[in-house]
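Undergrad: Build me a model:
(one chain, ligands or ions: 2)
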Amino acid sequence: MTDTIFAPATAPGRAALAVVRISGPGTGDLLTALADGRPAPRRASLRRLRDIGGALIDEALVLWFPGPASYTGEDCAELHLHGGQAVVEAAIGALSHLGARLAEPGEFTRRAFQNGRLDLAQAEAVADLVDAETAAQARQALDQLGGGLSRRYEAWRELLVESLAGLEAAVDFPDEDLPEDVAARARPHLRALLDELEAALADADRGRRVREGFRIALIGAPNAGKSSLLNALAGRDAAIVTATPGTTRDVIEIPLVLAGYKALLADTAGVRDTVEVIEAEGVRRARAWAEDADLRLWIVDASASDGHWREAAGMARPNDLLVLNKSDLTPGTDAAAARAVGIEALAVSATSDADIAGLRRWLEERVAAALSGAEFPAATRLRHAESLKEAAERVARALAQPEPELAAEDVRLAARALERISGRLDPEAVLDRVFASFCIGK
Ligand SMILES: Nc1nc2c(ncn2[C@@H]2O[C@H](COP(=O)(O)OP(=O)(O)OP(=O)(O)O)[C@@H](O)[C@H]2O)c(=O)[nH]1
Ligand SMILES: [Mg+2]
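TA: Ligands and ions are numbered 1, 2, ... in the order given. Predicted coordinates:
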């Protein structure tokens, strides 16, 4: 039999209220013992809570959600207590005395999934919504929780199952007089689906970037002013700044909110050839972080010789930005000259508030352009992107396969890859459709 579990649903610490949540078959009995009976379902009732010895724990609002129409699908309850640590501990102590146990992390949502209240992608969205720091993260998680992502996967899966029905009919009844070539009929559907899967895959990074943060690397030669710019953008002294080249060794990551999106800005070690072991490791990490970043800001000391920026411009990727720093000193480089060689450039001084505001605006435009879109992406995690990729590969193989039997196998595996995202598998559905959509008549 399933355990009855409980856990504080609110963060510990001094607060006006604390919510303790209970789920499992023993919930009703717990309320009878603790709150002198179950209140009317789904209605807040003020109750005196008492422990086994009869001592008053709190005067609290009690909510009773009989299953299966509850969050977990089981009998559930919520105790809205006064937020003091002692009150919460007394309530929790009484619940364990009465035989319930403290829930494991995510156990309520896990039960909701097991009882079919949420699919796997929706369960993930619950976690994302709880972790959301920016408006964009919250919007994306809410869409996923509402089933937006699951519906797209389900629609694709249904198309696959329909195509499979056609292919299997061709395999099972090769000599029958089928009204038309059902296997051939499946192909245009599969081709259209492949286009959609590939478009979704091309867009898969966007969902992950919204969720995890858009990664921006500050990279460049020692002493160019990378740490100064990081501090200016972050609005605090996060990184050490000195006049000695080679000051920064570790990668320093700072979370920023840019245009409502989460971004991670990383200060890195100045890149140069060095025999010094610690600095060399710093340079290696700088390169690795910059390599994986979504955007690189190549920081150049504009007061130094002209060669610097040309070198940086040579390494920059098409969408990167060349930041000509220290433009308050005698400018040695012209931003226009950099733009002339095809790289976007901005002349700034880390000491000028107006310049930093300008750089920030540039970053906001870039992040918004990269992450905004007319619709929510079909993948918000690596797991989704991997399944999407596998499904696309399988569909491509099925299309290249002249034998309906082998094509059917690839289509079946494509459907399975998509089912993994919602956490469900139902091969029976394939058979049902074969007989439902073709009237063989025998
Ligand atoms: N005049 C002027 N000085 C600057 C500017 N930006 C940085 N500096 C100075 O340049 C020196 C190096 O700055 P940092 O920010 O430590 O440079 P860095 O690129 O992080 O250097 P490493 O960590 O050694 O790679 C410090 O003395 C800063 O005060 C600027 O815009 N104008
Ligand atoms: Mg530095």
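Undergrad: going forward, measure contacts between C-alpha atoms and count neighbours the same way
TA: Noted.
Undergrad: what packs against the helix or strand containing Ala232?
TA: Ala232 belongs to helix 226-234 when assigned by DSSP states H and E. If contacts are counted by 3 or more C-alpha pairs under 8 Å, 6 or more residues apart in numbering; DSSP states H and E, helix 226-234 sits against strand 214-220, strand 261-267, helix 353-371.
Undergrad: Might one say that Val161 is in contact with Ala415?
TA: Yes. If you go by C-alpha atoms under 8 Å, Val161 and Ala415 touch, sitting 7.1 Å apart.
Undergrad: If you count surrounding residues, which of the two has more?
TA: Neighbour totals were compared for Val161 and Ala415, and Ala415 leads with 28 against 23 (other C-alpha atoms under 10 Å).
Undergrad: ok, for that one, nearest residue in space, not its chain neighbours?
TA: Spatial nearest neighbour of Ala415, chain neighbours left out: Arg157 (5.4 Å); criterion: C-alpha to C-alpha, 6 or more residues apart in numbering.
Undergrad: Quick one: distance of the host helix or strand of that neighbour to the chain centre.
TA: Using DSSP H and E, Arg157 falls within helix 148-172. Offset of helix 148-172 from its chain centre (C-alpha atoms, centre = their mean, to the nearest Å): 27 Å.
Undergrad: and the stretch 101-250 of the chain, which residues reach ligand 2?
TA: Within reach of ligand 2 by C-alpha under 5 Å from the ion, the stretch 101-250 of the chain has these residues: 227, 248.
Undergrad: Tell me where the model's unsure across the stretch 101-250 of the chain.
TA: For the stretch 101-250 of the chain, residues meeting the criterion pLDDT under 70 lie at 174-183.
Undergrad: circling back to that earlier point, what residues sit buried inside the helix holding Arg157?
TA: Residues of helix 148-172 classed as buried: 148-150, 153-154, 156-157, 159-171 (neighbour count, 16 or more other C-alpha atoms under 10 Å).
Undergrad: helix/strand/coil for the residue lying closest to Tyr153 once chain neighbours are set aside?
TA: Closest residue in space to Tyr153, ignoring its immediate chain neighbours: Leu418 at 6.3 Å, by C-alpha to C-alpha, 6+ apart. Look at Leu418: counting by DSSP: H, G, I helix; E, B strand; the rest coil, its state is helix.
Undergrad: if I look at Leu418, how far off is ligand 2?
TA: Note on Leu418: its distance to ligand 2, by C-alpha to the ion, to the nearest Å, is 45 Å.
Undergrad: tally of neighbours for that residue?
TA: By the criterion of other C-alpha under 10 Å, Leu418 has 26 neighbours.
Undergrad: repeat for Leu79
TA: For Leu79, the neighbour count with other C-alpha under 10 Å is 29.
Undergrad: Just the element for it, please.
TA: Applying DSSP H and E as the criterion places Leu79 in strand 76-82.
Undergrad: partner strands of that strand, parallel or antiparallel?
TA: Strand 76-82 has the following strand partners under DSSP bridges: strand 17-23 (antiparallel), strand 56-65 (antiparallel).
Undergrad: What distance do you get for the closest residue to Glu281 other than its chain neighbours to Thr268?
TA: Spatial nearest neighbour of Glu281, chain neighbours left out: Arg249 (7.7 Å); criterion: C-alpha to C-alpha, 6+ apart. Here the criterion is C-alpha to C-alpha, to the nearest Å. By it, Arg249 lies 7 Å from Thr268.
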